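K.L.:
fold the following, please.
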Amino acid sequence: MTIPFRYRRLGYVALNVTDLARSTTFYRDLVGLDVSDATEQRVALRCARDHHAVLLYPAAAPGLKRIGFELESSADLAKARTYLTEQGYAIEDVSADELKDLRTVAALRFRLPDSGLCIEYFVQMMHMATPFEARLTRIERLGHVVINTSSFDTMLGAFRDQLGFKVSDFVPGFAAFLRAWPNPLHHSLAVLTGPDHHLNHVNFMVSDIDDIGRAMNRMKAANVEIVFGPGRHQPSESIFLYFLDPDGMTVEYSFGMECFPEDGAREARLLEPAPKTLDTWGSVPTPAFGKIGQIEQGIEA
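P.N.:
Just a heads-up that it's a prediction; the model follows:
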């Protein structure tokens, strides 16, 4: 389906954490993000010049608060507002105080049916004066967010048929890998079937394969549980490593990813629902993989 606005990229993910100080230390000192600024209400961390790629909020239970996608221009955001309203979505405006706090010029939010997942569209996040320094890991970007859902067809239909995402690959009845067109990355978002709606994992892409091996040893030394990998995904061709954050939410490093042209991209591949589709090297995830991370419900004040 053609939509009247264009995505620039996956901008950020907002996570609820049960111990803000503990999680800040983890994402700074083990994952390798830099703290842009911190208050008692939230911590902003970055892996590029942009003000944040991850926001941490204190909460009673760990989970996914929202996902932010940057659109290409203010005109795209205005078109998105009109389009979403026509599609029946209830638009939540972001207050001037929160926009100032998030160093963003303009934004709107809405929630998906069934899951209640909050999506934010924004434009123009502040670029920090100091470049991101890769102290631990050469992180290129926040890569993607993956969601488990008990309403697989409904969620896939919303992203594909209403919100303009393109399917790069899919495993029938199990998974769909979606790119925020015209962003070229194989997927900025993936939807997996599951017993309920919850966060599966958050991904950071690294620019050196050595960062995968070094991360594995660094996490082991810090007694961080590794839950999948190292291995290589068939869908994206990425080499990966998954591990748990202090709340048990799953985090991934990956190296390499197929990119698509804006026009003339190949058709989505139909992949076999088999373990080797997830890892061509043959590893299997532990039971803790992708289990923790409830989706925050309700309209935010």
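
K.L.:
tell me the secondary structure for A158?
P.N.:
State at A158, reduced to three classes by DSSP: H, G, I helix; E, B strand; the rest coil: helix.

K.L.:
low-confidence stretches in the chain?
P.N.:
1, 299-301 (pLDDT under 70).

K.L.:
and the helices in it?
P.N.:
Remark: helices assigned in the chain by DSSP state H are 20-26, 74-86, 96-101, 152-157, 210-221, 275-278.

K.L.:
got a list of contacts for the last one?
P.N.:
Yep, that's helix 275-278 we're talking about. With CB atoms under 8 Å, 6 or more residues apart in numbering as the test, helix 275-278 has contacts from V171, G231, H233, Q234, P235, L271, G282, V284, P285. Every residue, glycine included, has its C-beta placed from N, CA and C.

K.L.:
what's the answer for the fourth one, then?
P.N.:
The set of residues that contact helix 152-157 without belonging to it, under CB under 8 Å, 6+ apart, is L112, P113, D114, S115, L117, I147, T149, G173, A176, V191, L192, T193.

K.L.:
drop anything exposed from the residues you listed.
P.N.:
Among these, those classed as buried by 16 or more other CB atoms under 10 Å are L112, S115, L117, I147, T149, A176, V191, L192, T193.

K.L.:
closest to F204 out of those residues?
P.N.:
Proximity of the buried ones among the contacts of helix 152-157 to F204 was ranked by CB to CB; the top entry is I147 with 17.0 Å.

K.L.:
ok, now which ones touch the closest one?
P.N.:
If you count contacts by CB under 8 Å, 6+ apart, I147 has them with 64, 115, 117, 155, 189-192, 197-200, 295.

K.L.:
T2: which of these is nearest?
P.N.:
Of all those, L189 has the smallest distance to T2: 18.8 Å, by CB to CB.

K.L.:
and the strands in the stretch 1-150 of the chain?
P.N.:
7-17, 34-38, 43-46, 54-58, 63-71, 92-93, 104-111, 118-125, 139-149 (DSSP state E, counting those that start in this stretch).

K.L.:
now these as a markdown table including distance to T250?
P.N.:
Output for the strands of the stretch 1-150 of the chain, formatted as a markdown table (distance: least, CB to CB, whole Å):
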| stretch | distance to T250 |
| --- | --- |
| strand 7-17 | 11 |
| strand 34-38 | 22 |
| strand 43-46 | 17 |
| strand 54-58 | 14 |
| strand 63-71 | 12 |
| strand 92-93 | 28 |
| strand 104-111 | 23 |
| strand 118-125 | 20 |
| strand 139-149 | 9 |
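
K.L.:
tell me which of the ones you listed lies nearest to F240.
P.N.:
Smallest distance to F240 across these (CB to CB): 10.2 Å, for strand 139-149.

K.L.:
for F228, give its distance to T82.
P.N.:
42 Å (CB to CB, to the nearest Å).

K.L.:
just want to know which of these two has more residues nearby.
P.N.:
Each of F228 and T82 has its neighbours counted (other CB atoms under 10 Å); F228 has more, 21 against 12.

K.L.:
circling back to that earlier point, so which of the strands of the stretch 1-150 of the chain is nearest P182?
P.N.:
The minimum distance between P182 and the strands of the stretch 1-150 of the chain falls on strand 7-17, with 7.1 Å, by CB to CB.

K.L.:
can you put the buried ones among the contacts of helix 152-157 in a markdown table and add distance to V251?
P.N.:
Shown next, in a markdown table, are these (distance: CB to CB, whole Å):
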| residue | distance to V251 |
| --- | --- |
| L112 | 23 |
| S115 | 21 |
| L117 | 19 |
| I147 | 15 |
| T149 | 20 |
| A176 | 21 |
| V191 | 19 |
| L192 | 16 |
| T193 | 21 |
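
K.L.:
of all those, which comes closest to C47?
P.N.:
Nearest member of those to C47, counting by CB to CB, is I147, at 21.0 Å.

K.L.:
what's the closest of the helices of the chain to F5?
P.N.:
Per CB to CB, nearest to F5 of these: helix 74-86, 4.0 Å.

K.L.:
okay, the angle between the closest one and strand 104-111?
P.N.:
Here helix 74-86 runs at an angle of 20 degrees relative to strand 104-111 (axes from the mean of the first three to the mean of the last three CA atoms, to 10 degrees).

K.L.:
phi and psi next, for R49.
P.N.:
phi -70, psi -20 (degrees, to the nearest 10).

K.L.:
ok, it - contacts?
P.N.:
R49 touches H127, M128, P131, F132, counting by CB under 8 Å, 6+ apart.
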